[in-house]
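S.K.: With the sequence up front, the predicted model follows.
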Amino acid sequence: MSEVRILAAARAQGARIATAESCTGGLVAAALTEIPGASDVFERGFVTYSNAAKEAMLGVSAATLAAHGAVSEPVAREMAEGALARSLADLAVSITGIAGPGGSEFKPEGRVCFGLARKGAPTRVETVEFGALGRSAVRAAARDHALGLLEAALGASEGA
């Protein structure tokens, strides 16, 4: 996966990108903005580590957080949709997960939920179990997976 390809595809489509990140703490935004000229495509990034930030900055529902917990597909969906609604972007990716150490029987270390929202298309969510790789490795794997989601979304819509 390549940040250069993501930015080039978005540029070719006239699409702008936003990110909504929790466990990755802005790693996806950092990867995209590492590329010179990213400002014409990367619209903004939200780092919403706490539940209060998810609610205030992205409009994630307190009821959704209470019912499902922060690490859940419903929260990933609301994060991605919130980033899209609160930005000038056309495409938004969200990440919420348990980087570790720790976790629980029900939400183990390495579980990360992703959302991908695009104007005019249904929001997609998925959960990936990276396993107990260690905090840095889980965060890096989640960053790379989110970049892959962006790349696939932009590649799938080329020629459409």
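M.R.: All right, it came through fine. Predicted model, so just to flag it, every value in this text is computed and none were measured.
S.K.: center of this protein, which residue is that?
M.R.: Ser94 (2.1 Å; Cα atoms, centre = their mean).
S.K.: That one: what secondary structure?
M.R.: At Ser94 the chain is in strand, as set by DSSP: H, G, I helix; E, B strand; the rest coil.
S.K.: Tell me who's in contact with it.
M.R.: 19-22, 76-77, 79-80, 83, 114-117 (Cβ atoms under 8 Å, 6 or more residues apart in numbering). For the C-beta atoms, the positions are set from N, CA and C on the backbone; glycine is no exception.
S.K.: And Ala89, by the same measure?
M.R.: So Ala89 contacts 15-18, 43-44, 83 (Cβ under 8 Å, 6+ apart).
S.K.: Which ones among the residues you listed lie within helices?
M.R.: Ala83 (DSSP state H).
S.K.: From the contacts of Ala89, pick the one nearest Ile35.
M.R.: Ile17 (11.8 Å; Cβ to Cβ).
S.K.: That closest one against Phe42, yeah?
M.R.: Yes: here Ile17 reaches Phe42: they are 5.4 Å apart, a contact under Cβ atoms under 8 Å.
S.K.: what's the next secondary structure element after the helix or strand harbouring Leu116?
M.R.: Using DSSP states H and E, the element containing Leu116 is strand 111-118. Using DSSP H and E, the helix or strand that directly follows strand 111-118 along the chain is strand 124-129.
S.K.: Run the angle between that following strand and strand 111-118 for me.
M.R.: Per axes from the mean of the first three to the mean of the last three Cα atoms, to 10 degrees, the angle that strand 124-129 makes with strand 111-118 is 160 degrees.
S.K.: Beyond strand 124-129, next helix or strand please.
M.R.: Using DSSP H and E, the first helix or strand after strand 124-129 is helix 135-156.
S.K.: so how far is that next one off the chain centroid?
M.R.: 8 Å (Cα atoms, centre = their mean, to the nearest Å).
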